[in-house]
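*Asks:* need a 3D model of the sequence below.
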Amino acid sequence: MTAASQSSAPAGAVQRIASATGEPMNGAERLKQAAAAAVLAAMLCVPIILLHAEADGVGALHPIVRPLPVAIFAFLAFFGRLATLNFAAEGKRERVAKPAATGWRATVSRLLPPIGLAVLFLYPFVLVTILGAGKSLKWVDSYGIQILIYVMLGWGLNIVVGLAGLLDLGYVAFYAVGAYSYALLATTFGLSFWICLPLAGILAAMWGIMLGFPVLRLRGDYLAIVTLAFGEIIRTILVNWVAFTGGGAGIESIPKITFFGLRFASAPDGFDQFFHIPFSPIHGKMFLYYVILCLALLTNLVSMRLRRLPIGRAWEALREDEIACRSLGVNTTNTKLTAFALGAFFGGLAGSFFAVRQGFISPESFTFSESATILAIVVLGGMGSQIGVALAAVFLIGGFELLRELDFLRAVMSDGAGVVIICLAVFIFGVTPRRRVAAQIVLAMAVIVLALRFFQLLPTAIVAPFGIPDFDPAQYRGLLFGLAMVVMMIVRPRGFVSTRSPSIFLKERKTVSGDLVKEGHG
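*Replies:* Next up is the predicted model:
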């Protein structure tokens, strides 16, 4: 055997071991995996998209073959998989320890919380001043209040998932307990919202403790399955216990919130009559906005304070290594129960507010999709990061609502320009190994295509076949945000905010960079 063959054999073995252990693959292996993804996508599209039946005027069905959509999906699968492999290889090549934020970045990080708090408090007044009372109603209610509800729910679940590391897929059960607690107490005993609010939180916390006891020895997938079953059990009880919960019909005519006994209605004892101002529905919405804002800030304050206490450090230690916690004398039973109880308490407060805001609740408002949305907010924002959860709630919930308003997106997708931009973007990311360069090219390309569309210079014969007739963005919001989350998990696997602030430090608090810790460990 020659020296060359002796050196080549170990090199080949090393290359195979590197591929098996997740090291960057060569170009041929990436193309092979991308081709396999394209073939799989085409095979899945054959029974779903390729073969289609349409009815004529007399009701007879005629088979229609649609090869173009199948080709588009295969194209996207090929270059999308290729882009994923390229980015993974780039990330492994450039994996270096990045220092914590210093200089102007640290200054911005310090000033961002007070500036954001000021913006939140001025948000309704600025909208009313600019848009007027009528037009600002939607932006205060459907955007401001709705987003803050999910911010509070995300912060509550962040205690359980982000700090304690307990995967909870049934968090919506505590949300439902809080809502039904207020509805039943208010409609049956005539108690006000301010009395029912802490009671709803306490009742939800008790249910959290009841959930915590059976799952003390469970972690990971098994814990997720049990919590998922718990959420479905609560929903099933709400549907079938008709005499107590109203069943599927729910509970209606739930008393509205009052301001020291003053109702937000056009009545002699109303808020507007008492202060001698013209009646407007925006006053009640603004009051609800500030109530949920204060509740969300209370949730954040308690979470941050508890995180610096021994119980908070016990949560983080439990998340990292439960066996080490036991060996150090940490009472893991109490640690888990406090995490479940506190997270459930804030979920119950949010549910009570939801009931008083809606005036009507039913089991349909507390399905598993709500739990999935809240968990997606926590994961997307960065588990354990308060500001990241808030940003993710704005992105997901605000994006859901904003899709209803995007007439421009409907027009772009209907005439085919949007699909062309998506295909070109995936193609560029697939063939360009550097993500920054690819992003710049895609941005320039999108601007050019939209400019050509605006000036009606795009050849209709080319882009028209790619159009989606009667495209409604609201119907595709789950798909769009699912794809956005997949991209986000590839680009920033630790979420929007990857850095972590230590709960305890020796001399100076220094931000821990996300590159210095593994996912779920730090």
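
*Asks:* for the residue nearest to the spatial centre of the chain, give its distance to residue 175.
*Replies:* The centroid of the chain falls nearest to residue 377 when counting by Cα atoms, centre = their mean (2.6 Å). Separation of residue 377 from residue 175 (Cβ to Cβ, to the nearest Å): 13 Å. Quick note: C-beta positions are derived from backbone N, CA and C, even for glycine.

*Asks:* between the two, what contacts are shared?
*Replies:* residue 153 (Cβ atoms under 8 Å, 6 or more residues apart in numbering).

*Asks:* rewinding a little: in contact with the residue nearest to the centre of the chain, which residues?
*Replies:* So residue 377 contacts 150, 153, 154, 157, 389, 392, 393, 396, 397 (Cβ under 8 Å, 6+ apart).

*Asks:* now the helix or strand harbouring the fourth one: mean pLDDT?
*Replies:* Residue 157 is located in helix 146-158, with elements delineated by DSSP states H and E. The predicted model gives helix 146-158 an average pLDDT of 95.

*Asks:* against which helices or strands is that helix packed?
*Replies:* In this structure, helix 146-158 makes packing contacts with helix 281-308, helix 332-358, helix 368-381, helix 386-393, judged by 3 or more Cβ pairs under 8 Å, 6 or more residues apart in numbering; DSSP states H and E.

*Asks:* what helices or strands is the last one leaning on?
*Replies:* For helix 386-393, the contact count by 3+ Cβ pairs under 8 Å, 6+ apart identifies helix 146-158, helix 281-308, helix 368-381 as packing neighbours.

*Asks:* can you rerun that using 10 Å?
*Replies:* Under the contact definition 3 or more Cβ pairs under 10 Å, 6 or more residues apart in numbering; DSSP states H and E, helix 386-393 sits against helix 104-138, helix 146-158, helix 281-308, helix 368-381.

*Asks:* hey, which of these is tucked in deepest?
*Replies:* helix 146-158 (a mean of 26; mean count of other Cβ atoms under 10 Å).

*Asks:* all strands of the stretch 351-500 of the chain, in order?
*Replies:* For the stretch 351-500 of the chain, applying DSSP state E, counting those that start in this stretch gives no strands.

*Asks:* still on that earlier bit, beyond the helix holding residue 157, next helix or strand please.
*Replies:* helix 172-189.

*Asks:* mind saving the C-alpha coords of that following helix as PDB?
*Replies:* Only the C-alpha atoms of helix 172-189 are listed here, as PDB (Å, rounded to 0.1, in the frame of the first residue of the first chain):
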ATOM      1  CA  VAL A 172     -55.000  27.200  28.400                       C
ATOM      2  CA  ALA A 173     -56.700  25.200  31.100                       C
ATOM      3  CA  PHE A 174     -55.700  27.800  33.700                       C
ATOM      4  CA  TYR A 175     -56.800  30.600  31.300                       C
ATOM      5  CA  ALA A 176     -60.200  28.900  31.200                       C
ATOM      6  CA  VAL A 177     -60.400  28.400  34.900                       C
ATOM      7  CA  GLY A 178     -59.800  32.100  35.500                       C
ATOM      8  CA  ALA A 179     -62.400  33.100  32.900                       C
ATOM      9  CA  TYR A 180     -65.100  30.800  34.200                       C
ATOM     10  CA  SER A 181     -64.400  31.700  37.800                       C
ATOM     11  CA  TYR A 182     -65.100  35.300  37.100                       C
ATOM     12  CA  ALA A 183     -68.100  34.600  34.900                       C
ATOM     13  CA  LEU A 184     -69.700  32.300  37.500                       C
ATOM     14  CA  LEU A 185     -69.000  34.400  40.500                       C
ATOM     15  CA  ALA A 186     -70.200  37.600  38.800                       C
ATOM     16  CA  THR A 187     -73.400  36.200  37.300                       C
ATOM     17  CA  THR A 188     -74.300  34.000  40.300                       C
ATOM     18  CA  PHE A 189     -73.300  36.200  43.300                       C
END
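
*Asks:* list the buried residues of it.
*Replies:* Using 16 or more other Cβ atoms under 10 Å as the test for burial, helix 172-189 gives 172-186.

*Asks:* cool, stretch 325-336 as well?
*Replies:* If you call a residue buried by 16+ other Cβ under 10 Å, then stretch 325-336 has these buried ones: 325, 330, 332, 335, 336.

*Asks:* helix or strand right after the worst-scoring helix or strand of the chain on mean pLDDT?
*Replies:* The helix or strand of the chain with the poorest confidence is helix 3-20; it has a mean of 43 (mean pLDDT, DSSP states H and E). Downstream of helix 3-20, the first helix or strand assigned by DSSP H and E is helix 27-45.

*Asks:* circling back: by how many degrees do the helix holding residue 157 and helix 172-189 diverge?
*Replies:* With axes from the mean of the first three to the mean of the last three Cα atoms, to 10 degrees defining the directions, helix 146-158 sits at 120 degrees from helix 172-189.

*Asks:* centre of the chain versus helix 146-158, how much separation?
*Replies:* 10 Å (Cα atoms, centre = their mean, to the nearest Å).

*Asks:* now do stretch 466-486
*Replies:* Counting by Cα atoms, centre = their mean, stretch 466-486 comes out at 16 Å from the chain centroid.

*Asks:* then it to PDB, C-alphas only?
*Replies:* This file holds the C-alpha atoms of stretch 466-486, laid out as PDB (Å, rounded to 0.1, in the frame of the first residue of the first chain):
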ATOM      1  CA  PHE A 466     -48.200  31.800 -10.600                       C
ATOM      2  CA  GLY A 467     -51.100  33.800  -9.300                       C
ATOM      3  CA  ILE A 468     -53.400  32.600  -6.500                       C
ATOM      4  CA  PRO A 469     -57.000  33.600  -7.300                       C
ATOM      5  CA  ASP A 470     -59.000  35.200  -4.500                       C
ATOM      6  CA  PHE A 471     -56.000  35.000  -2.100                       C
ATOM      7  CA  ASP A 472     -57.000  35.900   1.400                       C
ATOM      8  CA  PRO A 473     -54.000  36.400   3.800                       C
ATOM      9  CA  ALA A 474     -56.200  35.700   6.900                       C
ATOM     10  CA  GLN A 475     -56.900  32.200   5.700                       C
ATOM     11  CA  TYR A 476     -53.200  31.400   5.300                       C
ATOM     12  CA  ARG A 477     -52.000  33.100   8.500                       C
ATOM     13  CA  GLY A 478     -51.300  29.800  10.200                       C
ATOM     14  CA  LEU A 479     -49.200  28.600   7.200                       C
ATOM     15  CA  LEU A 480     -47.400  32.000   6.900                       C
ATOM     16  CA  PHE A 481     -46.400  32.200  10.500                       C
ATOM     17  CA  GLY A 482     -45.500  28.500  10.700                       C
ATOM     18  CA  LEU A 483     -43.000  29.100   7.900                       C
ATOM     19  CA  ALA A 484     -41.800  32.300   9.600                       C
ATOM     20  CA  MET A 485     -41.200  30.300  12.800                       C
ATOM     21  CA  VAL A 486     -39.300  27.600  10.900                       C
END
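
*Asks:* which positions in that stretch come out as buried?
*Replies:* For stretch 466-486, by 16+ other Cβ under 10 Å, it's 466, 467, 468, 471, 473, 476, 477, 480, 481, 485.

*Asks:* among the residues you listed, name the ones in helices.
*Replies:* Counting by DSSP state H, the part of the buried residues of stretch 466-486 found in helices is 477, 480, 481, 485.

*Asks:* next one: the nearest residue to the first one once chain neighbours are set aside from residue 418, what distance?
*Replies:* Take residue 477 and drop its neighbours on the chain: the residue closest to it by Cβ to Cβ, 6 or more residues apart in numbering is residue 403, 5.0 Å away. Using Cβ to Cβ, one gets 13 Å for the distance from residue 403 to residue 418.

*Asks:* tell me which of the two has more neighbours.
*Replies:* The neighbour count for residue 403 versus residue 418, taken as other Cβ atoms under 10 Å, is higher for residue 418 (24 against 18).

*Asks:* quick one: low-confidence ranges for this protein?
*Replies:* 1-25, 89-106, 500-522 (pLDDT under 70).

*Asks:* break it into its domains for me.
*Replies:* 1-99, 108-405 (automatic domain parsing).
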